[in-house]
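K.L.:
predicted model, plus sequence, below.
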Amino acid sequence: LLHFINFSMILYLILVYALVILQNFTPQAELYRMRLNGFYMILFFVLLLYINSASKERMEREIRAQKDSQLQALSDYSHHVEALYNELRSFRHDYINVLTSLRLGLAQQDLDAIQQIYDSVLKDSAKYLNDDKFDLAKLSRLEDNAVKSVLSAKLLEAQNKGISISVEIEDAIHDFKIELLDFIRILSILLDNAIEGSLTSLRPRIAIALIQDEDVLVLIVENSTGQEKLLTDPLFEPGYSSKGEGRGIGLANVRRILEKYPKSQIRTRSANFLFSQTIRFCI
């Protein structure tokens with residue numbers, strides 16, 4: 001379409017220029033020029049309607065795709081929570097049987113039986129319950145489905161890539177202090193970078209925390225790195241990345257988004273094979 005428009009404009013200019021020259025030789029040249037102008041006005045009006053319709057259709061497709069992606073992420077999250085529920089229910093059933101055996105051992109003062117139960121089951125219970133797969137259940141404290149779907153999709157992606165995750169969301173969060181779309185863009189960029197960065201380390205790990213205060217929302221994203229310490233200042237330059245050219249645009253966009261919110265602050269830190277970014281979102 002763009003090539004057709006360019007060709008039409010060039011042809012129009014050539015024809016107009018030719019008709020201007022012919023005006024000195026034939027009186028009908030002016031009539032032809034007026035007809036040419038009328039034809040091109042109709043043509044460009046039709047093209048404008050077509051472009052408007054095509055843009056609207058494309059936007060609707062993108063919106064539908066985003067909704068489908070969001071619904072899929074929420075569906076994956078729901079299935080994950082359902083699987084955790086079934087696993088905990090099974091664990092509860094087994095735990096009741098263990099406690100029954102423990103009660104009988106205590107009643108009979110059978111120390112060997114008690115020691116065996118502790119060594120085989122109880123000693124590993126805390127480790128089981130502290131498994132990072134249960135951290136995704138904390139996303140229920142996010143009261144916005146769009147944020148929940150993005151965060152769950154990224155964390156499930158990280159888990160599928162063998163990355164250990166940790167989530168801290170102590171309170172219900174409904175106010176993200178900035179425009180929701182801007183918050184989601186920032187969150188997506190930081191998590192994409194965290195996933196990419198952690199995979200360079202021997203033990204990939206990502207930790208995310210959301211801390212709600214009256215006037216401030218604090219977002220912390222931390223990941224393991226393959227280098228003990230990264231240079232942080234150049235990371236926000238467009239196109240810069242420690243992993244190659246063209247990968248630093250995301251962090252430059254984060255800074256550009258935050259410029260809309262002068263009270264918000266970002267702090268970047270790298271040390272001891274860990275890279276963390278802390279953003280304070282303020283109204």
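P.N.:
Ah, there it is. The model shown is predicted, which means the values in this text are computed figures rather than measured ones. Numbers count the residues shown, from 1 in each chain.
K.L.:
which stretches in the stretch 1-150 of the chain count as helices?
P.N.:
Using DSSP state H, counting those that start in this stretch, the helices of the stretch 1-150 of the chain run over residues 2-22, 28-107, 111-120, 125-129, 145-160.
K.L.:
out of the ones you listed, name the one with the poorest average pLDDT.
P.N.:
Least confident of these, judged by mean pLDDT, is helix 125-129 with a mean of 54.
K.L.:
walk me through the domains of the protein.
P.N.:
2-64, 141-283 (automatic domain parsing).
K.L.:
next, the distance between the ends of the last one.
P.N.:
Distance between the two ends of domain 141-283: 21 Å, counting by C-alpha to C-alpha, to the nearest Å.
K.L.:
wait, a strand at Tyr261?
P.N.:
No: checked against DSSP: H, G, I helix; E, B strand; the rest coil, Tyr261 lies outside a strand; its state is coil.
K.L.:
before we move on, the earlier item: which one of the domains of the chain lies nearest to Gln72?
P.N.:
domain 141-283 (7.9 Å; C-beta to C-beta). For glycine as for every other residue, the C-beta is placed from the backbone atoms N, C-alpha and C.
K.L.:
re the thing from before, do you know which of the domains of the chain lies nearest Asp135?
P.N.:
Closest among these, once you apply C-beta to C-beta, is domain 141-283, at 4.0 Å.
K.L.:
any low-confidence regions in the stretch 151-283 of the chain?
P.N.:
By pLDDT under 70, the weakly predicted segments of the stretch 151-283 of the chain are 234, 236-249.
K.L.:
how about the helices in it?
P.N.:
180-198, 249-258.
K.L.:
most tightly packed of those?
P.N.:
The highest mean neighbour count among those, using mean count of other C-beta atoms under 10 Å, belongs to helix 180-198: a mean of 19.
K.L.:
give me the contact list for stretch 219-228.
P.N.:
By C-beta atoms under 8 Å, 6 or more residues apart in numbering, the list of residues contacting stretch 219-228 from outside reads 186-187, 190-191, 193-195, 197-198, 200-211, 242, 270-279, 281.
K.L.:
neighbours of the nearest residue to Glu222 once chain neighbours are set aside, how many?
P.N.:
In this structure, Glu222 finds its nearest non-sequential neighbour in Ser276, 3.9 Å apart by C-beta to C-beta, 6 or more residues apart in numbering. A total of 16 residues lie near Ser276 under the criterion other C-beta atoms under 10 Å.
K.L.:
who's Ser276 bridged to?
P.N.:
Going by DSSP bridges, Ser276 is paired in beta bridges with Glu222, Arg269.
K.L.:
what about Ile283, neighbour count?
P.N.:
Using other C-beta under 10 Å: Ile283 sits among 11 other residues.
K.L.:
from what I can see it touches Lys263, true?
P.N.:
Yes: between Ile283 and Lys263 a contact is recorded at 7.0 Å, counting by C-beta atoms under 8 Å.
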